[in-house]
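In: next input, structure requested:
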Amino acid sequence: MLESQRDKFALPPEISYLDCAYMSPIPLASIEAGKRGTAVKAEPWKMTIDSYYDGVEEARTLAAGTIGATADDVAVIAATSYGLATAAKNVPVPAGSTIILMENEHPSHRYVWYELAEQNGGTVTVVAKPEDGDWTPTLVAAIRDSGLPVAVVAGTLLHWFEGTRVDIEQVAEAVREAGACLVMDGTQWVGAVPFDVREIQPDFLSFATYKFLLGPYRLGFLYASERWHREGKPLEHHAWHRYNGDKPDFYVETVPGYKAGARRFDMGERSDFAVLPVAIESLKLIESLGLPAISERLSFLNDRIWEEALRHELVPAIDPLRVPHISILDMKGRLPEGVGAKLKAENIHVTVRGVKVRVSPHIYNDEKDITRLFEVLSANALD
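Out: Predicted coordinates for the structure are as follows:
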């Protein structure tokens, strides 16, 4: 099994950072790449037209490899919300149809659908959290039993807040049967869980880099299926995603056509010389280690988290619906007020929301980080 990669990060030994689902640190190699990239603009006279393309295409190719896609399938975007807004501009929502999403879905994957439904005379169907916590049959039933034509389903592999898994294969099958579009948010799992768009066949999949891809803030990628390579309309217009946009006289003639594949959805100023090199180095690290090995490592660490929580009697049982890379521990009445501050005082970093503690390790963590977390939690837990 893959060992801890802590030596590749600027993590002091006294820091137990277990909050990747909030924001990951970036690797040391990515820090250096960012420094070099920032320096590019210090000497703009040395830049060539290739400066605007080489990094973009390398990043696009590496990102595609994390989801089983090709470079032609992937656009370079600013954020998950940018990608979802692009999807919303394209997916058809006829008057009288409905868009289906889970209760308390992430804001980036929620508000855009309300606006689209309102604009088109459609509705939003919010699927309530099931009593047993199993979203999959509830979502499938909502799609198949809908009294209205289903236009779009907002999909993902897990509920971002609850930390419970969704069997996206079953959901995707129901979406296809309904003749609807599947639009996915992958920010909380791309880079941690192996995934193949060829199997699930979403219309769009948007994901940021600053969490499990170990990358920078303000950069993401958008997968678009082949249908949208032909029919898709971008969110904004600029030269870089047009045919001949890389030619010296690109400004002379208005060119209506777009570049091949999902490049038509690229954001303006996509060639961010400071940000792209950071993402490239992080993606190279993930590629070199391999997503299956990373996933196995994260699953091992999360198993330890649940075992420790159970051993310290902080949870009644291991959640059978948990995902393999994030642990959300419902401690109910055992979590004292101010425990988050106490953890930080001990240099232990997790997310505390009400009665729940979200623990999300990555390849820079080891078993000692988990032991330290539960020593402090156990010492402060209420009877």
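
In: now the strands: where do they sit in the stretch 101-250 of the chain?
Out: With DSSP state E, counting those that start in this stretch as the criterion, the stretch 101-250 of the chain has strands at 123-127, 150-155, 181-185, 204-208, 220-224.

In: and the third one, what does it pack onto?
Out: This points to strand 181-185. In terms of contacts (3 or more Cβ pairs under 8 Å, 6 or more residues apart in numbering; DSSP states H and E), strand 181-185 is packed against helix 80-90, strand 150-155, helix 168-178, strand 204-208. C-beta: built from backbone N, CA, C; applies to glycine.

In: of the strands of the stretch 101-250 of the chain, which is nearest Ala174?
Out: Nearest to Ala174, of all the strands of the stretch 101-250 of the chain, is strand 150-155, at 7.9 Å by Cβ to Cβ.

In: quick check: angle from the closest one to helix 168-178?
Out: Strand 150-155 runs at 170 degrees relative to helix 168-178, counting by axes from the mean of the first three to the mean of the last three Cα atoms, to 10 degrees.

In: identify the neighbouring strands of strand 150-155 in the sheet and state each direction.
Out: Applying DSSP bridges, strand 150-155 is found paired with strand 98-102 (parallel), strand 181-185 (parallel).

In: just how off-centre is the first one within its chain?
Out: If you compare the mean C-alpha spot of strand 98-102 with that of the full chain, they lie 19 Å apart, counting by Cα atoms, centre = their mean, to the nearest Å.

In: before we move on, what about stretch 72-80?
Out: With Cα atoms, centre = their mean, you get 12 Å for stretch 72-80.

In: repeat that for stretch 99-112.
Out: In this view, stretch 99-112 has its centroid 15 Å away from the chain centroid, taken as Cα atoms, centre = their mean.

In: got the end-to-end distance for that stretch?
Out: By Cα to Cα, to the nearest Å, the extent of stretch 99-112 from end to end equals 11 Å.

In: and it, what's buried?
Out: Judged by neighbour count (16 or more other Cβ atoms under 10 Å), stretch 99-112 contains these buried residues: Ile99, Ile100, Leu101, Met102, Glu105, His106, Ser108, His109, Arg110, Val112.

In: ok, what's across the strand from the nearest residue in space to the third one that is not next to it in sequence?
Out: This means Leu101. Distance criterion Cβ to Cβ, 6 or more residues apart in numbering; nearest residue to Leu101, sequence neighbours excluded, is Ala154 at 3.8 Å. Beta bridges link Ala154 to Val183, judged by DSSP bridges.

In: return the set of buried residues in stretch 52-70.
Out: By neighbour count with 16+ other Cβ under 10 Å, stretch 52-70 contains the buried residues 52, 55-56, 58-64, 66-69.

In: can you check stretch 110-126 too?
Out: Within stretch 110-126, the residues that count as buried by 16+ other Cβ under 10 Å are Arg110, Val112, Trp113, Leu116, Ala117, Asn120, Gly122, Thr123, Val124, Thr125, Val126.

In: mind giving me CSV with the residues you listed and columns for distance to Ser378 and pLDDT?
Out: CSV is the format used below for the buried residues of stretch 110-126 (distance: Cβ to Cβ, whole Å; pLDDT from 0 to 100):
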residue, distance to Ser378, pLDDT
Arg110, 36, 97
Val112, 42, 98
Trp113, 42, 98
Leu116, 47, 98
Ala117, 47, 98
Asn120, 53, 98
Gly122, 50, 98
Thr123, 48, 98
Val124, 43, 98
Thr125, 42, 98
Val126, 38, 98
